[in-house]
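S.K.: Quick one, structure for this:
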Amino acid sequence: MQRINDNLYSWASIVDDKALQQAERTASMPFVSPHVALMPDCHVGVGATVGSVIPTLGAIIPAAVGVDIGCGMMAVRTQFTVDQLPARRSSLREDIERRIPLSAGRYNRAVVDDHTAQLVSSLEQKASQGGVDPDRYVSNWRLQLGTLGSGNHFIEVSADEEERVWLFLHSGSRGVGNRIAQHHIKVAQALCEKSRIQLPDRDLAYLVEDTDEFAAYIRDLRWAQDFALLNRYEMMHRVREAFERWTGELVQASEEVNCHHNYTEQEHHFHKDVWLSRKGAIDASRGKAGLIPGSMGTRSYVVEGLGHPMSFHSAPHGAGREYSRSAARRTFTRDQLRASMAGIEYRDTDAFIDEIPAAYKPIDVVMRDSADLVTVTHELRQLVNVKGD
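M.R.: Model prediction:
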């Protein structure tokens, strides 16, 4: 841990100047108390740095929560070991790709499965009870449930240190969550402009507690977090179906971990009740299970939190980018991606060059920087990787 100034502490041994300056601007906001915690995977984001933990009093910065509200990971340990799996892994990957719509703008054509319909019904009920109208943001949000998206979202089959097989995925609240976030970011910006509030960054616009706008954001945020959670459950249901068809045996889950990393929650830290926004960070309260995935082609980790007080009981959510997507495409080649993915079943395409492991911080460094935040309970290596373009 490094003290940058009174308002900013960092666990990142790899951090560029732009990300650090962005974090300093966030930490300078008058309602941030007592400090911002920068995670080892931090990198430049919109308004606030991805990989930052931001405690606030009486206000929330919507952009500091993130636009993929409730994004997170889910992992299930099966009863299988690697030597019990069929040899042809491509058939599993292809079946998963058929069952789960991939990439931005790709959705289900209809809600036809009973499992999906039950989850949609649950979200409709939550919206009605909470006074939320998701249809005002995206009318086809029901068709988005059970879809992956693109970027660093993934579905993987992995093996742990004892060769036990895990199903692992990462996704969030999809288009509906993004629209909700963008709406409230604009509301916050309009209110700050109307009040002539000078901001160090327009995307640090905030909503004040005990106002109608703040309450509306919290209602929508909670619903989007529920959507993201059920989206992961729905995708895992479909992954399990594909895996069971591939192996010819029902999955018996012996461990399950589900955690999110773009959200805000009321928590008590340093003798104060704060709104704690984790943007690209997971809850690492003492004893709490979490997931820290590596980049495409590198190892991932199942962890247990140590409850470090200065990090507000938080930990990183992944490897964290070192190259922007455009810079990665200029720097790396498809042959280099193939070399990085040696031994892993994946869809060989130019579309994933910007996801090459070399575009991210080394996960070994991130985990070393996290030594006082979490302990590792399982180390996972990839067998099958599924991503959206």
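S.K.: hey, let's count contacts and neighbours off CA atoms from now on
M.R.: Noted.
S.K.: And for Asn258, nearest residue in space, chain neighbours not counted?
M.R.: Spatial nearest neighbour of Asn258, chain neighbours left out: Met74 (4.3 Å); criterion: CA to CA, 6 or more residues apart in numbering.
S.K.: what's the strand or helix carrying the one you found packed up against?
M.R.: Assigned by DSSP states H and E, Met74 belongs to strand 72-81. Secondary-structure packing of strand 72-81 (3 or more CA pairs under 8 Å, 6 or more residues apart in numbering; DSSP states H and E): strand 164-171, helix 212-247, strand 255-260, strand 289-292.
S.K.: What residues of that strand count as buried?
M.R.: Gly72, Met73, Met74, Ala75, Val76, Arg77, Thr78, Phe80 (16 or more other CA atoms under 10 Å).
S.K.: okay, now Ile14: neighbour count?
M.R.: By other CA atoms under 10 Å, 16 other residues sit near Ile14.
S.K.: cool, Lys18 as well?
M.R.: Residues near Lys18, counting by other CA under 10 Å, number 13.
S.K.: Hmm, it is touching Gly45, no?
M.R.: No: counting by CA atoms under 8 Å, Lys18 stays clear of Gly45, with 9.9 Å between them.
S.K.: quick one on the thing from earlier: got the angle between the strand holding Met74 and strand 255-260?
M.R.: Per axes from the mean of the first three to the mean of the last three CA atoms, to 10 degrees, the angle that strand 72-81 makes with strand 255-260 is 170 degrees.
S.K.: what's the spacing between strand 72-81 and its chain's center?
M.R.: How far strand 72-81 lies from its chain's middle: 17 Å, per CA atoms, centre = their mean, to the nearest Å.
S.K.: re the thing from before, and the pLDDT for the residue nearest to Asn258?
M.R.: Looking at Met74, its pLDDT reads 98.
S.K.: Now do it against Arg25, distance only.
M.R.: Per CA to CA, to the nearest Å, Met74 is found 33 Å from Arg25.
S.K.: Likewise for Ala37?
M.R.: Counting by CA to CA - Ala37 and Arg25 are separated by 13 Å.
S.K.: same question, Val376
M.R.: Distance from Val376 to Arg25, by CA to CA: 33 Å.
S.K.: again, but for Arg98
M.R.: For Arg98, the distance to Arg25 - CA to CA - is 44 Å.
S.K.: Between these two, which is the more surrounded one?
M.R.: Arg25 (18 against 12).
S.K.: Just the element for the more buried one, please.
M.R.: With DSSP H and E as the test, Arg25 turns up in helix 17-27.
S.K.: Report the buried residues of the helix or strand following that helix.
M.R.: Under the assignment DSSP H and E, the closest C-terminal helix or strand after helix 17-27 is strand 36-43. For strand 36-43, a neighbour-count test (16+ other CA under 10 Å) marks Val36, Ala37, Leu38, Met39, Pro40, Asp41, Cys42, His43 as buried.
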